[in-house]
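*Asks:* Structure for this input, please:
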Amino acid sequence: MARFTLPRDIYHGKGALEALKTFQGKKAIICVGGGSMKRGGFLGRAQQYLEEAGMEVRLFEGIESDPSVETVMKGAAVMAEFGPDWIVAIGGGSPIDAAKAMWIKYEYPECTFEDMCKVFGLPELRKKARFCAVSSTSGTATEVTAFSIITDYEKGIKYPIADFEITPDVAIVDPELAETMPKKLVAHTGMDAITHAIEAYVSTANCEFTDPLAIHAVEMIQADLVKSYNGDMDARDRMHYAQCLAGMAFSNALLGIVHSMAHKTGAVFADQGAHIIHGAANAMYLPKVIAFNAKDPTAKKRYGVIVDYMNICDKSASDDEKVAALIAYLRKMNDELNIPHGIKTYGADSYPCEQGFVPENVFLERLHDIAVNAIADACTGSNPRQPSVEEMEKLLKCCYYDTEVDF
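*Replies:* Numbers count the residues shown, from 1 in each chain. Alright, predicted model coming up:
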């Protein structure tokens, strides 16, 4: 028996934020990140709408990118003191993911972070509060998913929390919020979204309910991501819907080792001043993982179906030719979005950015541990081809040096 779970309500379209006016409760806490939602006026509007609904509202601000365990515990303590019956998270994936973890700790104060990370092992939530997610970026789709990513900076590891209990009760998908995204964020979140759709389609947990969502998301992202990156606001709006469809797919079909690798490389070089942004990691790793997974006949055929829908290769071509076409297309998309193809050039002179540079000797020193942790990641189990530690090390090397996958 399989399960397909989505939020009870999804409000979408420009102005959908006003749905907050209809909420019923006594107290609401709004969890938010940096200043973009405040500068854009969306935080103020959200607070106003909840107050119009008759609720006392408290803010928990300053949730960082890649939220930490410490932030989760601080937020949960504020919730315990305030006693909200609605938790409203507004912003990108970080504040929504953090608020999901805070929600668990608020409902079950004795629950440790280690308890939270037991895959599909959470107790029943909604004893104290319901959850609304309002997304402002077009990639993570955490507003509709059963996942949260929290970083343990002491260990340098991102941990996915996975359980249908943390699927939001309400998702608000208002494209006005996404129009505020800077160009680089459009690129990174967009490649995160297409990775979600492709991994969901080839996942071993795919089904008839998830396949149409994944395929249509790929088609929409193909049509609109580069346009959105180049400033087309109509395309930006459609991308906000496309990423949500991809999220509906992967929340139920699960993901694969692109995400396992991204989770385990994102923060592991933080002591070097190097942070590999999640969407950029997915963009760099996805072509290599496709080549690796395509050794599995079922995965190869499903990649071919994706290519047929994308219409980037003659339908009479062999599955091998279709896989090659998909890899070439994704690499070209990375070029158009100014995303490098390998970790070695990420943060180097050829790709100037603020995330720092991953030295080769440090990468090689940590390679084995990264590989072991990636295999243990919650996303690995649904990958169509299960790698050994040795194969994961080889794959990570290909992602560092941008070399061909031939194993």
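
*Asks:* residues contacting the most centrally placed residue in the chain?
*Replies:* By CA atoms, centre = their mean, the chain has its centre lying nearest to Thr140, at 3.2 Å. Applying CB atoms under 8 Å, 6 or more residues apart in numbering to Thr140 gives the contacts Gly92, Gly93, Ile96, Asp97, Thr189, Asp192, Gln243, Gly247. Using the backbone N, CA and C atoms, a C-beta is placed for each residue, glycine as well.

*Asks:* ok, then the element right after the lowest-mean-pLDDT helix or strand in the chain?
*Replies:* The weakest-scoring helix or strand in the chain, judged by mean pLDDT, DSSP states H and E, is strand 157-162 (a mean of 91). Per DSSP states H and E, the first helix or strand lying C-terminal to strand 157-162 is strand 170-173.

*Asks:* Could you list the domains of this structure?
*Replies:* Domain assignment for the chain, taken from automatic domain parsing, gives 9-178, 183-401.

*Asks:* Which among these is found nearest to Met1?
*Replies:* For the domains of the chain, proximity to Met1 was assessed by CB to CB; domain 183-401 is nearest, at 11.2 Å.

*Asks:* Ends of that closest one, what's the gap?
*Replies:* 26 Å (CA to CA, to the nearest Å).

*Asks:* these two touch, right, Glu56 and Ile30?
*Replies:* No: here Glu56 does not reach Ile30: they are 11.6 Å apart, not a contact under CB atoms under 8 Å.

*Asks:* Between those two, which is the more surrounded one?
*Replies:* Ile30 (26 against 14; other CB atoms under 10 Å).

*Asks:* Now do the host helix or strand of Ala28: distance to the chain's middle.
*Replies:* Assigned by DSSP H and E, Ala28 belongs to strand 27-32. For strand 27-32, the gap between its own C-alpha mean and the chain's C-alpha mean amounts to 22 Å (CA atoms, centre = their mean, to the nearest Å).

*Asks:* next structured bit after it?
*Replies:* Following strand 27-32 in sequence order, the next helix or strand is helix 36-39 (DSSP H and E).

*Asks:* about what we covered before: in three-state terms, how would the residue nearest to the centre of the chain be classified?
*Replies:* coil (DSSP: H, G, I helix; E, B strand; the rest coil).

*Asks:* and Glu18, what does it touch?
*Replies:* Neighbour list for Glu18: Tyr49 [criterion: CB under 8 Å, 6+ apart].

*Asks:* Equivalent analysis for the one 10 residues further on, please.
*Replies:* Taking CB under 8 Å, 6+ apart as the criterion, Ala28 is in contact with Leu50, Met55, Glu56, Val57, Arg58, Pro84, Asp85, Trp86, Ile87, Val88.

*Asks:* Counting by contacts, list what the helix or strand where the fifth one lies packs against.
*Replies:* I take that to be Arg58. Taking DSSP H and E as the definition, one finds Arg58 inside strand 56-60. Here strand 56-60 touches strand 27-32, helix 42-52, helix 69-82, going by 3 or more CB pairs under 8 Å, 6 or more residues apart in numbering; DSSP states H and E.

*Asks:* what's the angle between the shortest one and helix 69-82?
*Replies:* Angle of strand 27-32 versus helix 69-82, following axes from the mean of the first three to the mean of the last three CA atoms, to 10 degrees, is 160 degrees.

*Asks:* Look up phi and psi at Thr167.
*Replies:* When read as degrees, to the nearest 10, the backbone of Thr167 gives phi -60, psi 130.

*Asks:* I'd guessed it sits against Met248; true?
*Replies:* No: look at Thr167 against Met248 with CB under 8 Å: they stay out of range, at 10.2 Å.

*Asks:* Among these two, which residue is more densely surrounded?
*Replies:* For the pair Thr167 and Met248, the greater number of neighbours falls to Met248 (26 against 23), based on other CB under 10 Å.

*Asks:* Which of the three states applies to the more buried one?
*Replies:* Following three-state DSSP, Met248 is assigned to helix.

*Asks:* low-scoring pLDDT stretches of this protein, where are they?
*Replies:* 348-356 (pLDDT under 70).

*Asks:* ranges for the strands of the stretch 101-250 of the chain?
*Replies:* Secondary structure of the stretch 101-250 of the chain (DSSP state E, counting those that start in this stretch): strands located at 130-135, 147-152, 157-162, 170-173.

*Asks:* export those to CSV and tack on distance to Gly41?
*Replies:* Below are the strands of the stretch 101-250 of the chain laid out as CSV (distance: least, CB to CB, whole Å):
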stretch, distance to Gly41
strand 130-135, 13
strand 147-152, 27
strand 157-162, 31
strand 170-173, 15
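
*Asks:* Can you check which of these gets nearest to Glu360?
*Replies:* Closest of the strands of the stretch 101-250 of the chain to Glu360 is strand 157-162, at 21.3 Å (criterion: CB to CB).

*Asks:* tell me what the closest one is packed against?
*Replies:* Applying 3+ CB pairs under 8 Å, 6+ apart, we find strand 157-162 packed against helix 93-107, strand 147-152, helix 257-265.

*Asks:* wait, which of these is closest to Ser136?
*Replies:* helix 93-107 (8.9 Å).

*Asks:* Using PDB, write down the CA coordinates of that closest one.
*Replies:* C-alpha atoms of helix 93-107 as PDB (Å, rounded to 0.1, in the frame of the first residue of the first chain):
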ATOM      1  CA  GLY A  93      12.700  27.000   2.200                       C
ATOM      2  CA  SER A  94      14.800  27.900   5.200                       C
ATOM      3  CA  PRO A  95      12.200  29.600   7.400                       C
ATOM      4  CA  ILE A  96       9.600  27.000   6.400                       C
ATOM      5  CA  ASP A  97      11.900  24.100   7.100                       C
ATOM      6  CA  ALA A  98      12.900  25.600  10.400                       C
ATOM      7  CA  ALA A  99       9.300  26.200  11.400                       C
ATOM      8  CA  LYS A 100       8.400  22.600  10.600                       C
ATOM      9  CA  ALA A 101      11.100  21.300  13.000                       C
ATOM     10  CA  MET A 102      10.000  23.900  15.700                       C
ATOM     11  CA  TRP A 103       6.500  22.600  15.300                       C
ATOM     12  CA  ILE A 104       7.600  19.100  16.200                       C
ATOM     13  CA  LYS A 105       9.500  20.300  19.300                       C
ATOM     14  CA  TYR A 106       6.600  22.600  20.300                       C
ATOM     15  CA  GLU A 107       4.100  19.700  20.200                       C
END
